[in-house]
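Colleague: with the input below, show me the fold.
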Amino acid sequence: MPIKIDSDLPACKVLESENIFVMTGSRAVSQDIRPLKIAIVNLMPTKVTTETQLLRLLGNTPLQIEISLVQMENHVSKNVGTDHLEKFYINSSDVFKQKFDGMIITGAPVEQLPFEDVDYWNDLCKIMDYAKTNVFSTLYICWGAQAGLYHHYGVPKYGLNQKLFGIYKNKRSTGPDPLLRGFDDLFPIPQSRHTTIKKEDIIKHDDLVILAENKDIGPTIIKTKDNRAIFMTGHLEYDSETLKTEYFRDVDKGLEINIPVNYFPFDDPSKEPYSSWRSTAHLFYSNWLNYYVYQETPFNFVK
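Modeller: Presented below is the predicted three-dimensional model:
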């Protein structure tokens, strides 16, 4: 899928070097089609890295996508320059001025705080409410998934004794579903979090369906029955070395951190890790865009 992005966005050169088709605005207007409009509410501190990871996965099908990167305007980002945000991002209040075919709400390193103590919580709740009627399908990732389940359904999160960290195999929990079409019976998802949700809290809600789970860590992919919201507790967008970077970051800070499970060869951090989830990630995002966004959205937005 050609992704319509600013040619100066750092991700652009990275994706072009990987032979992923990106399209600048001048070329996009020459095509007589309406692109899918996808908003990415990027709550991660490593914004440039997250942009590249998600755009890589969104660029894997044959339709044109127009990306809007969204920042929380009442939050000060410490890990990216204001120039980058001012040039490439819209403010959270600007979301309400338009409609989107799809939306992604990322994770954030605030999971150990109560939801209401997060400085942009009220603004995020407004976006989540807006998305229910103005976005055809919203994908919530990691803390974003916990936030969405809590806000919409009152599903609580629970603190863990130690960080859930590594690559975990997941098993389908339902019959055939378009989101998991082509998936293996067992498939990996990277996890990196200090909190979790519980199955017993999910099944209380008739509107929620658990698509995949791990017997040790609980539900990992959940959706609403109308397909308007997808909640994924892990990070399929992660690069091969993302968990390695997180691990050595915490080691360098002197924090207590376990070696991520099922990640380093022979559990040896001196060895280079490899990705076992890349094909799963591309298939997941292609299925979401195709079955839950593209095939549901009209050519003309309702005013």
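Colleague: quick one: the strands in the stretch 201-303 of the chain?
Modeller: Counting by DSSP state E, counting those that start in this stretch, the stretch 201-303 of the chain forms strands over residues 208-214, 218-224, 229-232, given from the N-terminal end onward.
Colleague: then the stretch 51-200 of the chain?
Modeller: Per DSSP E, counting those that start in this stretch, the stretch 51-200 of the chain carries strands over the ranges 65-71, 89-91, 100-105, 135-141, 158-172, 186-196.
Colleague: need the ones you listed in JSON lines (columns: distance to residue 269).
Modeller: Glycine gets a C-beta too; all of them are placed from N, C-alpha and C. Below are the strands of the stretch 51-200 of the chain laid out as JSON lines (distance: least, C-beta to C-beta, whole Å):
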{"stretch": "strand 65-71", "distance to residue 269": "33"}
{"stretch": "strand 89-91", "distance to residue 269": "35"}
{"stretch": "strand 100-105", "distance to residue 269": "31"}
{"stretch": "strand 135-141", "distance to residue 269": "26"}
{"stretch": "strand 158-172", "distance to residue 269": "12"}
{"stretch": "strand 186-196", "distance to residue 269": "15"}
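Colleague: of these, which is nearest residue 216?
Modeller: Nearest to residue 216 among those is strand 158-172; the distance by C-beta to C-beta comes to 7.5 Å.
Colleague: tilt between that closest one and strand 186-196?
Modeller: Here strand 158-172 runs at an angle of 170 degrees relative to strand 186-196 (axes from the mean of the first three to the mean of the last three C-alpha atoms, to 10 degrees).
Colleague: list the buried ones in strand 158-172?
Modeller: Neighbour-count burial for strand 158-172, counted by 16 or more other C-beta atoms under 10 Å, picks out 163, 164, 165, 166, 167, 168, 169, 170, 172.
Colleague: buried residues in the helix of greatest length in the chain?
Modeller: Identified as the longest helix of the chain according to DSSP state H is helix 121-134. Of the residues in helix 121-134, 121, 123, 124, 125, 127, 128, 130, 131, 134 count as buried by neighbour count, 16+ other C-beta under 10 Å.
Colleague: next one: stretch 89-100
Modeller: Of the residues in stretch 89-100, those with enough neighbours to count as buried (16+ other C-beta under 10 Å) are 89, 90, 92, 95, 99, 100.
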